[in-house]
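Engineer: I'll drop the sequence and a predicted model, then ask my questions.
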Amino acid sequence: MDEAMEREFLAAIETVIASQTPACVLSGETPGYFVRHYDLKVLERRAEWMARKGLQFSADRPVPEAPIHTATRLMETSGTVFFAALNGTAMGGGFEIALACDFRLVQQGPFVFGLPEINLGLLPGAGGTQRLPELVGPARALEIALLGETLDPAALVAAGLATGPLREDAVAAATELARRIAKQPTPAPAHIKSLVRAAAAIGPQEARFGAERALFCDLMLRERSRELVREGAAGRRSITDLP
């Protein structure tokens, strides 16, 4: 990952979302890698430039988003369901892209995953410190980030960071699930995603449950949903039957 990749990745994500694609699979093209990690030569140049400029930073003065931050935020907040088909190693920023996805499926192989930035005196800078605790809890997130722990595919599933079981072909498995979601009546998947994502955020419980009730009623008015409910009420389908 480098600056050019960030820009291209953001453009691709924006295109997917603008097209109202119901589900999207992300995978690595280079054999053995999902996204290896951010290019350390780029980080070195950036650090030297900031030092020469005499820049100083503090948590009470947020830094503007870079393209990778915008892309991962859009992935979380859009109605598109994103799958990370982890068909290779994903470390640092590469793993943070996976954490921003709604599903992670991992392939068997000699791959490693994690947020080892602390070994460079850094921290995960593309959402890792915020998204990891939501998935594994703060104690486990601290272990992984503070110890620079890396996980193999089996450990990734055991930690709840990927949907088991291990896959022979993560891309094929993710594509199958994405197609299943794409067949569901719209906008039910998008509504469910928005509510589950909101449930992980800090906010008044009353507002979150109120949003759930409102979106449930919205779906009840959709013609495809009404058709399916009518079929169920008439005994022509079960609630467990796929549309």
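Structural biologist: Cool, got the structure.
Engineer: hang on, residue 82 in a helix?
Structural biologist: No. Read with DSSP: H, G, I helix; E, B strand; the rest coil, residue 82 is strand and lies in no helix.
Engineer: now for it, how many residues are close by?
Structural biologist: Counted with other Cβ atoms under 10 Å, residues neighbouring residue 82 total 27. Backbone N, C-alpha and C define where each C-beta goes, glycine included.
Engineer: now residue 165: how far from residue 223?
Structural biologist: Plainly put, residue 165 is 38 Å away from residue 223 if you go by Cβ to Cβ, to the nearest Å.
Engineer: more neighbours: which of the two?
Structural biologist: residue 165 (13 against 8).
Engineer: so what pLDDT did that one get?
Structural biologist: Per-residue pLDDT puts residue 165 at 96.
Engineer: what pLDDT does the closest residue to it other than its chain neighbours get?
Structural biologist: Ranked by Cβ to Cβ, 6 or more residues apart in numbering and with sequence neighbours excluded, the top spatial neighbour of residue 165 is residue 157, at 7.0 Å. The model reports residue 157 with a pLDDT of 97.
Engineer: contact partners of the host helix or strand of residue 157?
Structural biologist: Using DSSP states H and E, residue 157 falls within helix 153-158. Helix 153-158 is contacted from outside by 86, 104, 106-109, 111, 113, 162-166, using Cβ atoms under 8 Å, 6 or more residues apart in numbering.
Engineer: buried ones in it?
Structural biologist: 153, 155, 156, 157 (16 or more other Cβ atoms under 10 Å).
Engineer: which secondary structure element of the protein has the lowest mean pLDDT?
Structural biologist: Ranked by mean pLDDT, DSSP states H and E, the weakest helix or strand in the chain is helix 205-220, scoring a mean of 70.
Engineer: now the element after that one, going C-ward?
Structural biologist: helix 223-233.
Engineer: moving C-terminal of the helix holding residue 157, what's the next helix or strand?
Structural biologist: helix 170-182.
Engineer: for that following helix, packing partners?
Structural biologist: strand 23-27, strand 81-86, strand 103-106 (3 or more Cβ pairs under 8 Å, 6 or more residues apart in numbering; DSSP states H and E).
Engineer: mean confidence for the second one?
Structural biologist: Mean pLDDT, taken over the full extent of strand 81-86, equals 98.
Engineer: okay, now the sheet partners of that strand, with direction.
Structural biologist: Applying DSSP bridges to the sheet, strand 81-86 is found paired with strand 23-27 (parallel), strand 103-106 (parallel).
Engineer: what angle do the first one and helix 170-182 make?
Structural biologist: For strand 23-27 against helix 170-182, the angle between stretch directions is 170 degrees (axes from the mean of the first three to the mean of the last three Cα atoms, to 10 degrees).
Engineer: contacts for strand 23-27, please.
Structural biologist: 16, 34, 80-87, 97-98, 101, 170-171, 174-175, 177-179, 181-182, 189.
Engineer: tell me the domain ranges of the chain?
Structural biologist: 3-182, 188-233 (automatic domain parsing).
Engineer: single out the most deeply packed of these.
Structural biologist: Most buried of those, by mean neighbour count (mean count of other Cβ atoms under 10 Å): domain 3-182, with a mean of 17.
Engineer: what about that one, start to end distance?
Structural biologist: 32 Å (Cα to Cα, to the nearest Å).
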